[in-house]
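**Q** based on what follows, work out the 3D shape:
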Amino acid sequence: MSKFTPEPWELSPMLPYGIDIHGDGVWIASIHNSHRNAKGRAVSGFPSDEECMANARFFKTAPKMYAALKNAVEMLRAAKCTAAILNPLEDVLIEAAEE
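**A** Numbers count the residues shown, from 1 in each chain. You can find the predicted model right below:
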């Protein structure tokens, strides 16, 4: 598995097209907001500025959520939890790590 870009991940200020996410000196992603046409109207098919910010904050926490889920799975395994509990959590970890 390739490793995630090292933390911390930072958010740019709101730009005309959305928010950039960057970390370790590299650009990671852009979260698009409500693009505006020449008359200043929002173009359909894009999230509002508020939803853009919420999406960006969620995306920024992905490495921490991955680490927390991995730790929780290890603790649940040690507690001998059933496959019904572990399998869906492990599936998420596998999906996140696929290349």
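
**Q** so the protein: which segments form each domain?
**A** Using automatic domain parsing, the domain ranges for the chain come out as 1-60, 62-99.

**Q** and those as JSON lines, adding mean pLDDT and mean neighbour count?
**A** From N, CA and C alone the C-beta is placed, and that goes for glycine too. Rendered in JSON lines, the data for the domains of the chain read as follows (pLDDT from 0 to 100; neighbours: other Cβ atoms under 10 Å):
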{"stretch": "domain 1-60", "mean pLDDT": "83", "mean neighbour count": "14"}
{"stretch": "domain 62-99", "mean pLDDT": "91", "mean neighbour count": "12"}
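
**Q** next, Leu69: secondary structure please.
**A** helix (DSSP: H, G, I helix; E, B strand; the rest coil).

**Q** Provide a list of residues in contact with it.
**A** By Cβ atoms under 8 Å, 6 or more residues apart in numbering, Leu69 lies in contact with Leu89, Val92, Leu93.

**Q** ok, now Tyr17?
**A** Under the criterion of Cβ under 8 Å, 6+ apart, the neighbours of Tyr17 are Ser30, His32, Asn33, His35.
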